[in-house]
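*Asks:* I would like to see how this sequence folds:
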Amino acid sequence: MGIDINIAIQPARIAPLLKNCKSGVMLGRQAMHFRPPDWKPRLITFLETLGISTTEEEIFQDDGFCESYL
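*Replies:* Model prediction:
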């Protein structure tokens, strides 16, 4: 299982609603499925519109999983 660009955008959109939450659940490790080359910059650009400043190096792990992003 994993997340693609469309699923990655959803937690970013609801992040302000969850800022005071103290716990959460993650069911297994999720891989980042960002195959087309323009998806990574597209996500970075979208995050910037939400006021989230980040880089590909910060949110995309070498092993392909998404803990850094989440």
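
*Asks:* surely residue 28 meets residue 3?
*Replies:* No. With contacts counted by C-beta atoms under 8 Å, residue 28 stays clear of residue 3, the gap being 11.9 Å. Heads up, the C-betas are built off the backbone N, CA and C, glycines and all.

*Asks:* which of these two has more residues huddled nearby?
*Replies:* residue 3 (18 against 7; other C-beta atoms under 10 Å).

*Asks:* specify the beta-bridge partners of the more buried one.
*Replies:* residue 32 (DSSP bridges).

*Asks:* how much space between it and residue 22?
*Replies:* 23 Å (C-beta to C-beta, to the nearest Å).

*Asks:* so what touches the worst-scoring helix or strand of the chain on mean pLDDT?
*Replies:* Using mean pLDDT, DSSP states H and E, strand 2-3 stands out as the lowest-scoring helix or strand of the chain, at a mean of 87. Contact partners of strand 2-3, identified using C-beta atoms under 8 Å, 6 or more residues apart in numbering, comprise 30, 31, 32, 33, 66.

*Asks:* format those residues as JSON lines; extra columns: neighbour count.
*Replies:* JSON lines is the format used below for the contacts of strand 2-3 (neighbours: other C-beta atoms under 10 Å):
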{"residue": "30", "neighbour count": "18"}
{"residue": "31", "neighbour count": "14"}
{"residue": "32", "neighbour count": "23"}
{"residue": "33", "neighbour count": "15"}
{"residue": "66", "neighbour count": "22"}
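
*Asks:* which single one of those residues is nearest to residue 40?
*Replies:* Nearest to residue 40, judged by C-beta to C-beta, of the contacts of strand 2-3 is residue 32 at 8.9 Å.

*Asks:* pretty sure that closest one contacts residue 67?
*Replies:* No. Taking C-beta under 8 Å as the definition, residue 32 is not a contact partner of residue 67, at 10.1 Å.

*Asks:* where do the contact lists of those two overlap?
*Replies:* By C-beta under 8 Å, 6+ apart, the residues touching both residue 32 and residue 67 are residue 61.

*Asks:* give the next helix or strand downstream of the least confident helix or strand of the chain.
*Replies:* Using DSSP states H and E, the helix or strand that directly follows strand 2-3 along the chain is helix 5-14.

*Asks:* right, I'll leave it there.
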